[in-house]
Every structure is written in structure tokens, then in C-alpha cells.
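Colleague: Quick one, fold the following:
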Amino acid sequence: MEGGNSPNLQLQQLPLATAAVSVQPHTDSFSYKENLIGALLAIFGHLVISIALNLQKYSHIRLAGSKDPRAYFKTKTWWCGLFLLVLGELGVFSSYAFAPLSLIVPLSAVSVIASAIIGIIFIKEKWKPKDFLRRYVLSFVGCGLAIIGTYLLVTFGPNSHEKMTGENITRHLVSWPFLLYMLVEIIIFCLLLYFYKEKNANYIVVILLLVALLGSMTVVTVKAVAGMIVVSIQGNLQLDYPIFYIMLVCMIATAIFQATFLAQASQLYDSSQIASIGYILSTTVAITAGATFYLDFTGEDVLHICMFALGCLIAFLGVFLITRNRKKCVPFEPYISMDAMPGMQNMHDKGIAVQPDLKASFSYGALENNDNMPEIYTPATLPIVQEQHGSKGVSAPPYRVLEHSKKE
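Modeller: Coordinates of the predicted model:
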């Protein structure tokens, strides 16, 4: 009897296996839908962030060029930019809950594309068509390459999805691939920090590698926090797990230190170099962290992985060309306008030297180009009381003071 029942048991299990296979295409289509939702949210968020930053920059420039005594935070333009900035950050934050981390991180190239287009549209100078193309040909080529790279990233991005529950995140956190990755990252971070602080290795690659290593932990924790919030909204409460608050604290801490190193890099190097090198390093390290923690590329075929890597490389090249064509900022070197100073004018005021105008003459401030004035001024030498400098008993030679005397 037992031998006759075993074939029946095997025949009864076959429909269950075929039913399980038939469900798989539906889950694939749903995962592609989630990928599209996450990618659109990320693109929308980065686009809005770029518009917001340009609005706030426009508010600062407008106040600097006018006689308006108001502070920047009292203008409607600045508050509009702040509102759009918060809206864009919420869009990017929520995108991590729908799509894999390795797909969302490279889409930050959209902000670079939008900034380049906004800068070209709102440029103040007028150029001839030939000069315009010569000046912005790299920007147009870079925007085209970045758009192609973004399309390849969205099309061939990883398709791994799982619910961000407390159990799943805890299991990923204690997995041996992530623990090994964290050990290597901590060692590299400590070495870079030692050379940066102790050996004064203020190279841009060193600083931005520190930013990238911190940023990889930021995006890992952001995806965990955003995913657990979305799962909680769907009805399965995850906010009572301690791992949620651990990830939240790590997200805030790494974001703060990341901003600190970025501020130090911006004081030493040009913003275009920071944008291009920082995007390449941060994207590479973040994709590695996502592939190690969330296993983004598990089950993907070689063709999809190669096309995704090609999309990343094309986006890297596009961002590099866009930022390479940006005009470098010339530092402002102030000087004191001597004709605006009341009273007697001398070479030193309480020991502070007057900054000369950096031109081919030794004239100071606004004393150089006065040819269009109706009166002609000639210098006159007058004696003044000697000032004591240094030790007592040693008199300094009298200064020669220039005083404007009117001559008919």
C-alpha cells in the first residue's frame, strides 16, 4: 500500500510547482513597476533640488547687487527655494523605499544636468551663435552623455526587491559579506583620516574618498529607514524595532560628518572639481555598499550587469564634461577706496596696511582713475607728528602724507 501511494503523492505535488512558477512573471512586472516609481521619484527630486539651489543663489545675487537692506531669509525667493529644496529631498528619500540602492544613487547626475541647463538659460551675457557653440559644446555633449547613461541605468538597473522589515535589515547587518565590507571600509577610512589630519594630505581625492565612504553608509541607512517607514504606512508596523532607531542615528551622524568634509573640500578646491570627482567616487562606493548589504545584483544576468556598468561609465563621462566646462570663480580681492575715507589720509591706519590695487601702478584704491573729474588734484607734502613704533627712544621717520589741494 505504501508503494502504491507514493506515485500518487508525487503526482499531487506537480500542480503546486507549476502554480509557483506561474506566479513569478507577475512579481517581475511588479518589481519593474517599483523600479520605475523609484527612478521617477529620484529624477523629480534631483530636478527640484537643482531648481531650489539656483533660486536661493539668485536671491543672494539679487540682494548683493541692490541697496536692499533686508537679509536673504526675509525674501520670498529664498523661502520658495527652501520649500522646493525640502520637497526635492523628500522625493529622493522616498525613492529609496521603492527601487534598489544601486539604481537610485547614480541618478544624482540629473541635478548636474539640470544645473548646466539652468545656467545656460539664465546666462546674462549675449553671445554670437559661433561663440555660443564653442563655449558650451562640452556642456551639450556632457548633457547628452549623462542622459544616455541615465536611460541605461533605469533600463538595466538591478531588479532585486524585498520588504524592509526589521528582521530582514538585521539579517543583512550581521551577514558576513557586509561585516567584511565594513571592516575594509573602516580600515581605509582610518588610514585616510590619519594622512589627512596628521600628514596634511589635503588632496582632493583623499577628502572626497572620506566623503564617499561616509556617504555609502548614509545611503544604506536611508534606504533602511525609508523602507521601514513605507512598510509601516502599509500596515505592518516597523517603528518598534530597535534597528530602526539605530539606522536613523547612523543616517544623521554620517550625513553631518559628510557635510563637514565637503565644506572643507569647498574651501580648498573648485566646485566643479568637487562635483565631478565626488560624483564618481560617491557613486562607485555607494553601489558597492548596496551590492554588499542589500545584495542588489543577486540573480542578475551578465548582460544586465555589463549594461548597467556601461551606463555608469557614460554618466561619469557626461558629468565630467559638464563640470569641466564651468567657469572657475575668481576670488574677490578687496581694497580700500582712499577718496571715501574722511579726514587725513595716511599709509597706515592703526597698524593695518592698505591693500594696493593689483595693477601695473603703485596707486592706491580709487586714486588712480580720476581723469573724468572736473577738478585736478595735485599732491602736497606736509609734515606730521612722528608716531612711535617699536622701542622707546627710537624715533621713526616722518610719514609723507598726500593731501588734495585744489589748483585752478
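
Colleague: Any regions of the stretch 101-250 of the chain where pLDDT drops low?
Modeller: 122-135 (pLDDT under 70).

Colleague: the helices in the chain, which residues?
Modeller: 2-64, 76-95, 101-104, 109-121, 129-155, 166-173, 176-197, 204-233, 242-268, 271-293, 302-324 (DSSP state H).

Colleague: so of those, which one's packed in deepest?
Modeller: Across these, averaging neighbours per residue (mean count of other CB atoms under 10 Å) puts helix 101-104 on top, at a mean of 26. No exception for glycine: its C-beta is placed from N, CA and C like everyone else's.

Colleague: Does anything pack onto it? Which helices or strands?
Modeller: Helix 101-104 sits against helix 2-64, helix 204-233, helix 271-293, with contacts defined as 3 or more CB pairs under 8 Å, 6 or more residues apart in numbering; DSSP states H and E.

Colleague: Dump these into JSON lines; add distance to residue 167 as well.
Modeller: Listed next are the helices and strands packed on helix 101-104 as JSON lines, based on distance: least, CB to CB, whole Å:
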{"stretch": "helix 2-64", "distance to residue 167": "20"}
{"stretch": "helix 204-233", "distance to residue 167": "11"}
{"stretch": "helix 271-293", "distance to residue 167": "15"}
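
Colleague: Lowest average pLDDT across those helices?
Modeller: Mean pLDDT is lowest for helix 2-64 among the helices and strands packed on helix 101-104, at a mean of 65.

Colleague: ok, residue 253 to residue 37 distance?
Modeller: Noted for residue 253: a distance of 29 Å to residue 37, by CB to CB, to the nearest Å.

Colleague: just residue 295 next, same as before
Modeller: 21 Å.

Colleague: just to revisit the earlier point, I'd like the helices of the chain as CSV, with distance to residue 70 appended.
Modeller: Listed next are those as CSV, based on distance: least, CB to CB, whole Å:
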stretch, distance to residue 70
helix 2-64, 7
helix 76-95, 10
helix 101-104, 38
helix 109-121, 25
helix 129-155, 34
helix 166-173, 47
helix 176-197, 40
helix 204-233, 34
helix 242-268, 26
helix 271-293, 27
helix 302-324, 33
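
Colleague: correct me, but residue 208 touches residue 275?
Modeller: No: here residue 208 does not reach residue 275: they are 10.2 Å apart, not a contact under CB atoms under 8 Å.

Colleague: hang on, the earlier thing: and the helices and strands packed on helix 101-104: which comes nearest residue 314?
Modeller: Ranking these by proximity to residue 314 (CB to CB) places helix 271-293 first, at 12.3 Å.

Colleague: Convert the C-alpha atoms of that closest one to CSV, please.
Modeller: What follows is helix 271-293, C-alpha atoms only, in CSV (Å, rounded to 0.1, in the frame of the first residue of the first chain):
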residue,chain,number,x,y,z
SER,A,271,33.3,73.4,-7.0
SER,A,272,33.4,71.9,-10.5
GLN,A,273,36.2,69.5,-9.4
ILE,A,274,34.3,68.6,-6.3
ALA,A,275,31.1,67.9,-8.3
SER,A,276,32.8,65.6,-10.9
ILE,A,277,35.2,63.7,-8.7
GLY,A,278,32.8,63.5,-5.8
TYR,A,279,30.0,62.1,-8.0
ILE,A,280,32.3,59.4,-9.5
LEU,A,281,33.7,58.3,-6.1
SER,A,282,30.5,58.5,-4.2
THR,A,283,28.5,56.6,-6.8
THR,A,284,31.1,53.8,-7.1
VAL,A,285,31.4,53.3,-3.3
ALA,A,286,27.6,53.5,-2.8
ILE,A,287,26.9,50.9,-5.5
THR,A,288,29.5,48.6,-3.8
ALA,A,289,27.8,49.1,-0.4
GLY,A,290,24.4,48.4,-1.9
ALA,A,291,25.5,45.3,-3.7
THR,A,292,27.1,44.1,-0.4
PHE,A,293,24.4,45.0,2.1
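
Colleague: Could you figure out how far it is turned away from helix 166-173?
Modeller: 100 degrees (axes from the mean of the first three to the mean of the last three CA atoms, to 10 degrees).

Colleague: which strands and helices sit next to helix 271-293?
Modeller: helix 101-104, helix 109-121, helix 176-197, helix 204-233, helix 242-268, helix 302-324.

Colleague: any chance of these in CSV, with distance to residue 138 too?
Modeller: CSV is the format used below for the helices and strands packed on helix 271-293 (distance: least, CB to CB, whole Å):
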stretch, distance to residue 138
helix 101-104, 27
helix 109-121, 10
helix 176-197, 31
helix 204-233, 21
helix 242-268, 23
helix 302-324, 5
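
Colleague: Nearest spatial neighbour of residue 72, chain-adjacent residues omitted?
Modeller: Once flanking residues are discounted, residue 72 sits nearest to residue 78: 5.2 Å by CB to CB, 6 or more residues apart in numbering.

Colleague: State the distance from that neighbour to residue 33.
Modeller: 38 Å.

Colleague: cool, and residue 189?
Modeller: Residue 189 is 37 Å from residue 33, by CB to CB.

Colleague: Show the backbone phi and psi for the closest residue to residue 166 other than its chain neighbours.
Modeller: Closest residue to residue 166 apart from its sequence neighbours, by CB to CB, 6+ apart: residue 241 at 3.3 Å. Main-chain dihedrals, residue 241, degrees, to the nearest 10: phi -90, psi 140.
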